[in-house]
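Student: what's the 3D shape of this:
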Amino acid sequence: MNHMKSSVAFCLYVLVFSLIACNSSNRQQNLSALEVIEHVKPRYAKGFDWKVCTDSSIQITLFDLNSPGDTLQTIRWKQRSIERLACLSTTHVSLLSALNCLDLLKGAGFADRLMDTSALRLFNNGNIINLTIGNDLDDELIYSIEPELFFVYPFGDKSYNQYLSKGIGCVQVSEYLENHPLGRAEWIRLFGCLLNKQNLADSLFERIEMQYIQLRDSIAHIEQKRPIVFAGSMDGDRWAVPSGNSYLSSLIYDAGGSYLFSDSSRSGNLVLPFETFYAAAFKADFWGKIIYEESFESSTQITDGDDRLRQLPSFSQQGVFVCNAMTTDYHGRALLEPVVLLSDLNAIFNRKTPVNGFSYFQPWSHYE
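Tutor: Below you'll find the predicted structure:
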């Protein structure tokens, strides 16, 4: 009998979430007919907003950051008690951890790479299972934990209809496409909205915002020449670099630097012929790179064996800095610690060491 009740409830949930999570014109008309009490617009994030309606429902709109002006997903949400969650990204785990919701998390993608200590303990104890094999989702594992909400990302035009048909409410989170550090952190407010943790989420974000702005402004008030900084790495015979309106470009500017390619405004990375990049890079004082290494051992981890890169002033004058994503939680906790990233970079640009040491970015030390 209990199993039958559970099955009925699950089927009802399939129906309800299918009705509110698909992009049908009828649903759009029904939502439009509701009177809106409050329209919540993020201060920095561009990927979402929500409207509180007279029937106590919340109309959440997720925007396509790869196609400005387009809607990615619309969800009509009624606050309810959530007992089972799943997520695809380690950044989602950090957001859930900050909101004290890890006890609800039953499965996570790339769980074997978790660095959040509480989440890692739950994973090691079997309370959180790994939903990915290599880079692929294991559908059967996802179905087995029956999550009520599954936080995913809209990467590679992937469809999540197969999960919706099973009653799994998929929420497409694109914080990684936000160009402002506070825009990425502000996604905690959307998680708070869905998990009935709005006050906590708003409070956490306000503290993150205050700390970031205080440090940013204190850096800006010091009159000094901004060092020129570039980032990126080889992509075949070309060089891939973040564009001038990117997340990293914003961090570099707020930390007191001047990004070499700041005049570019396209979305995604710039891919430049090596000769074009190489000529420009001679103007730069610093070179930043995200790496994924067990340890720092050799300059080839920076140059990929191309001796031409050793001639760049940023290398020959020991201005290389790195963030090792294998040993730091750059793809997790750093989302909620933009002020720490800012502190790291400002110290690097001034060739100093932060009071508490480097947390994410740090100077490179192997130039042999």
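Student: Could you use CA atoms for every contact and neighbour count after this?
Tutor: Fine.
Student: Could you tell me how many residues sit around R189?
Tutor: When neighbours are counted by other C-alpha atoms under 10 Å, R189 registers 25.
Student: Report the secondary structure element holding it.
Tutor: helix 187-194 (DSSP states H and E).
Student: next one: that helix to chain centre, how far?
Tutor: Distance of helix 187-194 from its chain centroid, counting by C-alpha atoms, centre = their mean, to the nearest Å, is 13 Å.
Student: Stretch 212-231 too?
Tutor: For stretch 212-231, the separation from the chain centroid amounts to 23 Å (computed by C-alpha atoms, centre = their mean).
Student: Okay, now it: how far is its last residue from its first?
Tutor: Terminal residues of stretch 212-231 are spaced 22 Å apart (C-alpha to C-alpha, to the nearest Å).
Student: ok, and what's touching it?
Tutor: Contacts to stretch 212-231, defined as C-alpha atoms under 8 Å, 6 or more residues apart in numbering, come from residues 241-242, 252, 254-261, 281, 283-289, 338-339, 342-343, 346, 349.
Student: Okay, and which of those map to strands?
Tutor: In this view, these that belong to strands under DSSP state E are V241, P242, S258, Y259, F286, W287, G288, K289.
Student: Look at the third one and say how many residues are nearby.
Tutor: Pointing back at S258 there. 22.
Student: Most neighbours among the ones in strands among the contacts of stretch 212-231, please name it.
Tutor: Highest neighbour count within the ones in strands among the contacts of stretch 212-231, by other C-alpha under 10 Å: F286, with 27 neighbours.
Student: Quick one: residues contacting the closest residue to F123 other than its chain neighbours.
Tutor: Distances taken as C-alpha to C-alpha, 6 or more residues apart in numbering place I129 nearest to F123, at 6.2 Å, with adjacent residues excluded. By C-alpha under 8 Å, 6+ apart, the contact set of I129 is K106, G107, A108, A111, F123.
Student: Surely the fourth one and R121 touch.
Tutor: No. With contact defined as C-alpha atoms under 8 Å, A111 does not count as touching R121 (10.9 Å).
Student: Compare the two (neighbour count), which wins?
Tutor: Comparing A111 with R121 by other C-alpha under 10 Å, the one with more neighbours is A111, at 22 against 14.
Student: Check what pLDDT that one gets.
Tutor: Per-residue confidence (pLDDT) for A111: 94.
Student: For it, give me its contacts.
Tutor: Contacts of A111 were listed using C-alpha under 8 Å, 6+ apart, and they are T90, L120, F123, I128, I129, N130, L131, T132.
Student: Farthest pair within the residues you listed?
Tutor: Pairwise distances across the contacts of A111 (C-alpha to C-alpha) peak at 15.5 Å, for the pair L120 and T132.
Student: hey, where'd the helices end up in the stretch 51-200 of the chain?
Tutor: All helices of the stretch 51-200 of the chain, identified by DSSP state H, counting those that start in this stretch, fall at 90-98, 117-124, 139-145, 161-164, 181-185, 187-194, 198-220.
Student: before we move on, what about the stretch 201-350 of the chain?
Tutor: Using DSSP H, counting those that start in this stretch, helices in the stretch 201-350 of the chain cover 247-254, 274-281, 300-303, 313-316, 338-349.
Student: so what does the third one touch, helix or strand wise?
Tutor: Where contact means 3 or more C-alpha pairs under 8 Å, 6 or more residues apart in numbering; DSSP states H and E, helix 300-303 is not packed against any helix or strand.
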